[in-house]
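*Asks:* Provided below for reference: sequence and predicted model.
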Amino acid sequence: MKTRTRFAPSPTGFMHVGNFRTGLFAWLVARQAQGAFIIRFEDTDKKREVKGSREHLLECFEVLGIDYDEGPGIGGPYAPYVQSERLEIYTEWAQKLIDAGRAYADPYTPDEVQEFREQAQRDKKPFLYRNHRPTNPPKWDGSQPLRFKSDPKAYKWRDEVMGDLSTGPEVIDDFILIKSDGYPTYNFAHIVDDATMHISHVIRGQEFLASVPNYLNLYEALGLKPPIMATVPHILGHSGTKKLSKRDGAKDILDYIREGYLPDALVSFIATLGWNDGTEQEVFTRDELIEKFSLERIQRSGARFDEQRLLWTNGYFIRQLPLDELYKMVTDFWPKEATGFDDAYKKQVLSLVQERLKYFAELPELTKFFFVDLPINMTLISGHKQLKKLSSSECKQLLEQVQKSLEDSDFTVGDLNTRLNTLLEDTNQKPAVLFSLVRVATTWSPASPSLAETLAVLGKQKTISRISDSCAKL
Ligand code: GLU
């Protein structure tokens with residue numbers, strides 16, 4: 001059977017890391033097998049639908065470079081790929097079940113069902129709808145929910161991630177196939193769709209695992225062979241105990257793009273949330289992922305979302321980029337003070353910070369001092385481990401000595417390095433003291449790239465004038 005995987009989001013909000021990871025895994029399985037990757041909108045819960053969500057979901061895939069072969073917008077041999085446009089198909093399949101005596105109209109009001117539930121609670125028994133199955137159900141006319149007439153039995157099945165699983169008959173119940181509003185439930189619609197779209201692998205989140213025995217019962221009633229199933233565990237927040245929440249950074253995946261994370265870095269990071277290739281390798285290109293990914297190596301317990309590792313991964317991908325390519329990507333991220341500076345200068349600045357840039361939105365903070373004199377901020381001295389030991393006049397004296405030497409420099413990196421090292425000897429100071437002082441006095445910024453290179457890019461005039469301004473203020 002050809003490998004055909006799908007990602008079936010409900011258009012109920014933005015795409016977060018967890019959703020995207022499920023889609024990414026399904027994409028990797030399809031691409032590895034040279035199969036097809038399908039997107040399907042599951043929009044049968046009309047109350048939960050959020051406007052703009054469909055466009056957003058598709059945009060995420062486009063921006064992150066995850067292509068699909070069939071789906072909304074592009075169509076395909078099993079169109080439509082939107083559940084609300086497939087209602088006739090579900091009715092047809094429901095009819096097959098009714099004809100086979102495996103579905104019936106639910107005659108109870110919601111209040112009556114609630115009463116059964118409460119009674120079960122009072123009796124300290126699990127609630128099973130099938131214990132109240134009506135003996136003479138009315139003919140289904142679409143105004144009542146249509147229920148599946150289950151056939152309770154034990155199941156053993158294999159989940160590609162979770163391994164061999166089994167359950168007893170007590171978990172099997174008569175679930176709703178079609179609601180009284182005419183829309184099918186997820187439980188019914190996805191089975192019909194996966195079958196009619198010839199999906200080979202159903203890869204989805206942990207929240208559906210408990211329902212799988214019921215799905216197996218329905219597959220049997222429909223005479224269908226179940227697809228391969230793979231259950232992806234939750235992503236856990238920073239603490240590693242609770243499901244990733246908004247507070248932990250479960251944000252819109254496009255927010256990461258807006259903050260200047262690279263699509264390749266996000267793909268690598270998200271693919272390795274709970275998956276590894278069995279080696280120590282931590283970052284992967286897309287091609288490596290396609291080659292190495294396997295469902296069996298997804299870990300069974302939740303994966304901890306580690307923001308620091310994301311930053312590190314993105315920094316790694318940024319460092320791999322050729323300068324010109326990086327330069328094009330950061331166009332919208334420069335501080336406003338950089339307006340008017342030419343490309344050559346900005347490129348030099350960028351090449352200095354490329355090494356430590358973790359995401360593009362950090363660019364202003366890291367580079368502002370290259371474009372504008374920052375206000376003198378004495379806490380950079382008083383709060384500095386080494387510099388706080390110096391008196392104001394000692395600082396001043398050292399800086400005057402530095403200024404004198406630099407006035408004769410040609411401001412090449414080589415000459416600046418020679419002079420800075422000579423100054424170390426002449427002043428009998430440690431690099432941690434002297435270089436930190438020069439760094440602060442020329443940038444008034446908490447961090448900067450290598451000193452000689454920074455000064456070379458700033459140029460002679462700016463360097464000298466900043467040192468003398470600093471001396472005047474000290
Ligand atoms: N519509 C379901 C969701 O968004 C999809 C589950 C599945 O992949 O089958 O969670």
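*Replies:* Ah, there it is. Residues are numbered from 1 along each chain as shown.

*Asks:* can you map out the strands along the chain?
*Replies:* Secondary structure of the chain (DSSP state E): strands at 4-7, 36-39, 103-105, 146-148, 155-159, 163-167, 176-178, 201-205, 228-232, 235-236, 303-304.

*Asks:* Tell me the spacing between the residue nearest to Leu374 when sequence neighbours are not counted and the ligand.
*Replies:* Residue nearest to Leu374 in three dimensions, not counting chain neighbours: Trp444, with 4.1 Å by Cβ to Cβ, 6 or more residues apart in numbering. For glycine as for every other residue, the C-beta is placed from the backbone atoms N, C-alpha and C. Separation of Trp444 from the ligand (Cβ to the nearest ligand atom, to the nearest Å) stands at 50 Å.

*Asks:* One more: Ala230?
*Replies:* For Ala230 relative to the ligand (Cβ to the nearest ligand atom), the value is 10 Å.

*Asks:* my read: that residue touches Arg297, true?
*Replies:* No - look at Ala230 against Arg297 with Cβ atoms under 8 Å: they stay out of range, at 11.3 Å.

*Asks:* Those two: which has the busier surroundings?
*Replies:* Set Ala230 next to Arg297 and count neighbours by other Cβ atoms under 10 Å: Ala230 wins out with 22 against 13.

*Asks:* who does the more buried one bridge with?
*Replies:* Beta bridges link Ala230 to Ile203, judged by DSSP bridges.

*Asks:* need the contact list for it.
*Replies:* 25, 159-161, 201-204, 295, 298 (Cβ atoms under 8 Å, 6 or more residues apart in numbering).

*Asks:* Could you work out the end-to-end span of stretch 170-179 for me?
*Replies:* Start and end residues of stretch 170-179 are separated by 24 Å (Cα to Cα, to the nearest Å).

*Asks:* Please list all residues in contact with the closest residue to Asp373 other than its chain neighbours.
*Replies:* Nearest in space to Asp373, with sequence neighbours left out and distances taken as Cβ to Cβ, 6+ apart, is Arg466 at 6.4 Å. Going by Cβ under 8 Å, 6+ apart, Arg466 touches 373, 441-444, 458.

*Asks:* how many neighbours does Glu365 have?
*Replies:* 13.

*Asks:* pLDDT at it, what is it?
*Replies:* Looking at Glu365, its pLDDT reads 95.

*Asks:* Might you report the residue contacts of it?
*Replies:* By Cβ under 8 Å, 6+ apart, Glu365 has no neighbours at all.

*Asks:* And Val349, by the same measure?
*Replies:* 367, 370, 457.

*Asks:* For the ligand, give me its nearest residue in the stretch 151-300 of the chain.
*Replies:* The minimum distance from the stretch 151-300 of the chain to the ligand, using Cβ to the nearest ligand atom, falls at Arg204 (3.5 Å).

*Asks:* which non-adjacent residue is nearest that residue?
*Replies:* The shortest distance from Arg204 to any non-neighbouring residue, by Cβ to Cβ, 6+ apart, is to Thr22 (6.2 Å).

*Asks:* I'd guessed that neighbour sits against Val202; true?
*Replies:* No - using Cβ under 8 Å as the test, Thr22 is too far from Val202 to be in contact (10.6 Å).

*Asks:* related to what we said a few turns ago, the residue of the stretch 151-300 of the chain closest to the ligand: neighbouring residues, count only.
*Replies:* Arg204: 20 surrounding residues under other Cβ under 10 Å.

*Asks:* Test for you: state the pLDDT assigned to it.
*Replies:* At Arg204, pLDDT is 98.

*Asks:* now do the one 3 residues further on
*Replies:* Per-residue confidence (pLDDT) for Glu207: 95.

*Asks:* Any figure for the gap between it and Ser10?
*Replies:* Look at Glu207 and Ser10: by Cβ to Cβ, to the nearest Å, they are 12 Å apart.

*Asks:* just Leu406 next, same as before
*Replies:* In this view, Leu406 and Ser10 are 63 Å apart by Cβ to Cβ.

*Asks:* Pick out whichever of those two has more residues nearby.
*Replies:* Just comparing Leu406 and Ser10: by other Cβ under 10 Å the higher neighbour count belongs to Leu406, 21 against 18.

*Asks:* got the buried residues for stretch 63-74?
*Replies:* Buried positions in stretch 63-74, judged by neighbour count with 16 or more other Cβ atoms under 10 Å: 64, 66, 68, 70-72.

*Asks:* Widest-spaced pair of the residues you listed?
*Replies:* Greatest spatial distance among the buried residues of stretch 63-74 (Cβ to Cβ): Leu64 and Glu70, at 18.4 Å.

*Asks:* which residues touch the residue sitting furthest away from the middle of the chain?
*Replies:* Using Cα atoms, centre = their mean, the residue of the chain lying farthest from its centre is Asp426. It sits 52.9 Å away. Applying Cβ under 8 Å, 6+ apart to Asp426 gives the contacts Gln401.

*Asks:* what does Arg419 give?
*Replies:* Counting by Cβ under 8 Å, 6+ apart, Arg419 touches 405-406, 409.

*Asks:* burial of the spatially closest residue to Ser445 that is not a sequence neighbour, as a residue count?
*Replies:* Distance criterion Cβ to Cβ, 6+ apart; nearest residue to Ser445, sequence neighbours excluded, is Phe369 at 4.5 Å. Using other Cβ under 10 Å, the number of residues around Phe369 comes to 22.

*Asks:* what pLDDT, on average, does stretch 183-199 get?
*Replies:* pLDDT averaged over stretch 183-199 gives 98.

*Asks:* Distance-wise, check the residue farthest from the centre of the chain relative to His198.
*Replies:* Using Cβ to Cβ, Asp426 is found at 79 Å from His198.

*Asks:* Run through the stretch 101-250 of the chain and note the low-pLDDT ranges.
*Replies:* Low-confidence segments of the stretch 101-250 of the chain (pLDDT under 70): 249.

*Asks:* what does it put close to the ligand?
*Replies:* The stretch 101-250 of the chain has residues 186, 190, 204 near the ligand, with proximity defined as Cβ under 6 Å from any ligand atom.

*Asks:* what does the stretch 351-474 of the chain put close to the ligand?
*Replies:* For the stretch 351-474 of the chain, no residue is in contact with the ligand (Cβ under 6 Å from any ligand atom).

*Asks:* residue nearest the centroid of the protein?
*Replies:* Centre-nearest of the chain using Cα atoms, centre = their mean is Val17, 2.9 Å out.

*Asks:* pretty sure that residue contacts Ile270?
*Replies:* Yes - the criterion here is Cβ under 8 Å, and Val17 meets it with Ile270 at 6.0 Å.
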